[in-house]
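Q: I'll drop the sequence and a predicted model, then ask my questions.
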Amino acid sequence: MSLAEERTQTGDDSRLAQSAAHVKRNRRAYLLIAPAAVFLVAVVGYPILETFRLSLYRSPADSTIETFVGLQHYVDIFNSDIFYRLLWQTGRWVAVGVAGKTLLGLLIAVHLKGDIRGRKFFRTAFLIPWGIPYAISAVVFRWIEHPQFGYLNAILLKLGVIEQGIGILGNPDIAWLGVVVADIWIGTPFMAIIFLAGLQSIPQDLYEAAAIDGAERWHQFRYITLPQLKSVILMATLLSTIWTFVSFDVIWTMTGGGPISTTATLVIHIYQVGLQNGNLGLGAAYSVIGFLLLLLFAVVYLRVYTRGGEEL
């Protein structure tokens with residue numbers, strides 16, 4: 001054996017010994033996380049793999065016979081105009097919903113941080129919409145926006161803004177707005193509490209120094225509050241984007257995806273195709289595409305986040 005081969009063998013043996021020593025030192029840690037790892041594989045990993053597998057088969061819900069079709073479902077989806085319309089409607093639903101929850105949540109958090117009367121009460125009260133089951137909140141908003149009995153139309157009629165009731169959820173042009181308003185109302189408290197926690201971690205000395213230098217409140221907010229909240233805002237909006245993307249109950253309870261599918265998102269369509277129509281393979285293919293879209297968004301989002309030199 002040559003000298004070079006002996007050095008390579010020695011290096012490999014050294015690395016193996018170090019790996020074995022590392023495993024031995026951390027054996028207890030591995031044993032402690034093993035139950036959680038098994039649980040995650042069982043309830044997360046297996047369903048994902050099964051969905052990928054199912055998307056390659058034609059699998060009617062009323063039959064146990066599966067026919068392998070390869071990537072045909074994906075070809076059908078990408079050649080369908082419905083898919084691109086769903087992408088637009090899903091993107092609109094997520095963008096407007098997350099933007100509304102973020103802006104309102106930040107505004108509420110800033111005011112709750114101030115010295116206002118009843119601050120503790122308002123901090124608790126703002127959690128109520130988030131604590132109510134989404135389906136119940138959706139039913140409430142469906143009644144609020146009812147063309148004959150809803151409070152919204154009653155107020156607008158009394159103010160003279162409209163002459164007759166507007167069927168918001170029955171109008172293909174504005175139905176999605178009625179649903180988005182409900183989603184914003186439900187999700188804003190979570191954003192407000194997260195932002196409030198972030199605001200309370202900002203050193204008060206920064207504001208005092210800025211005030212001494214003559215900085216107005218807007219400049220303090222722009223140059224102190226926003227930069228200090230950057231990581232909180234980014235992570236909160238990432239979570240909100242994922243939750244809004246996969247949201248089902250609000251849309252389904254209020255409109256069922258109608259009228260004429262104008263409020264349907266990718267998740268709503270997956271339910272209709274896979275469970276209502278019984279086309280499990282096509283529904284699984286839509287699910288895989290949705291999963292990959294979310295994964296791609298999260299990776300790009302976190303890359304942009306870490307590019308600023310911050311760590312999660």
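A: Nice, I can see it. From a predicted model like this one, the values you see are computed outputs, not experimental measurements.

Q: switch to C-alpha atoms for all contacts and neighbour counts from now on
A: OK.

Q: the domain parsing of this protein - what is it?
A: As given by automatic domain parsing, the domain ranges for the chain are 14-68, 80-305.

Q: May I see these arranged in JSON lines, with distance to residue 74 as well?
A: Formatted as JSON lines, the domains of the chain follow (distance: least, Cα to Cα, whole Å):
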{"stretch": "domain 14-68", "distance to residue 74": "8"}
{"stretch": "domain 80-305", "distance to residue 74": "6"}
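
Q: hey, least reliable of the ones you listed by pLDDT?
A: The weakest mean pLDDT among the domains of the chain belongs to domain 14-68, with a mean of 79.

Q: mind checking the SS state of the closest residue to residue 148 other than its chain neighbours?
A: In space, and not counting its chain neighbours, residue 148 is closest to residue 165: 6.1 Å by Cα to Cα, 6 or more residues apart in numbering. Here residue 165 is coil, with the state taken from DSSP: H, G, I helix; E, B strand; the rest coil.

Q: and residue 165, what is it in contact with?
A: When contacts are counted by Cα atoms under 8 Å, 6 or more residues apart in numbering, residue 165 is found next to 147-148, 153-154, 157.

Q: how much space is there between residue 80 and residue 87?
A: Look at residue 80 and residue 87: by Cα to Cα, to the nearest Å, they are 12 Å apart.

Q: between the two, which one's more packed in?
A: More crowded of residue 80 and residue 87, by other Cα atoms under 10 Å: residue 87, with 15 against 11.

Q: Go ahead and confirm the more buried one touches residue 267.
A: No: if you go by Cα atoms under 8 Å, residue 87 and residue 267 don't touch, sitting 10.5 Å apart.

Q: re earlier: most tightly packed of the domains of the chain?
A: Ranked by mean neighbour count, the domains of the chain are led by domain 80-305 with a mean of 17 (mean count of other Cα atoms under 10 Å).

Q: what kind of secondary structure is the spatially closest residue to residue 173 that is not a sequence neighbour in?
A: Counting by Cα to Cα, 6+ apart, residue 262 is the residue found nearest to residue 173 once chain neighbours are left out, at 7.8 Å. Applying three-state DSSP to residue 262 yields a three-state assignment of coil.

Q: ok, residue 262 - contacts?
A: 89, 172-173, 175-176.

Q: And the residue nearest in space to the middle of the chain, how close does it get to residue 204?
A: With distances taken as Cα atoms, centre = their mean, residue 242 lies nearest the centre of the chain, 2.0 Å away. Distance of residue 242 to residue 204, computed by Cα to Cα: 33 Å.

Q: what about the residue nearest to the centre of the chain, which SS state?
A: What three-state DSSP gives for residue 242 is helix.

Q: That one: what's it in contact with?
A: So residue 242 contacts residue 294 (Cα under 8 Å, 6+ apart).

Q: likewise the one 3 residues further on?
A: Counting by Cα under 8 Å, 6+ apart, residue 245 touches 90, 93-94, 267.

Q: can you tell me how far the nearest residue to residue 70 once chain neighbours are set aside sits from residue 286?
A: Excluding the flanking residues, the one nearest residue 70 by Cα to Cα, 6+ apart is residue 56, at 4.7 Å. From residue 56 over to residue 286 the distance is 11 Å, taken as Cα to Cα.
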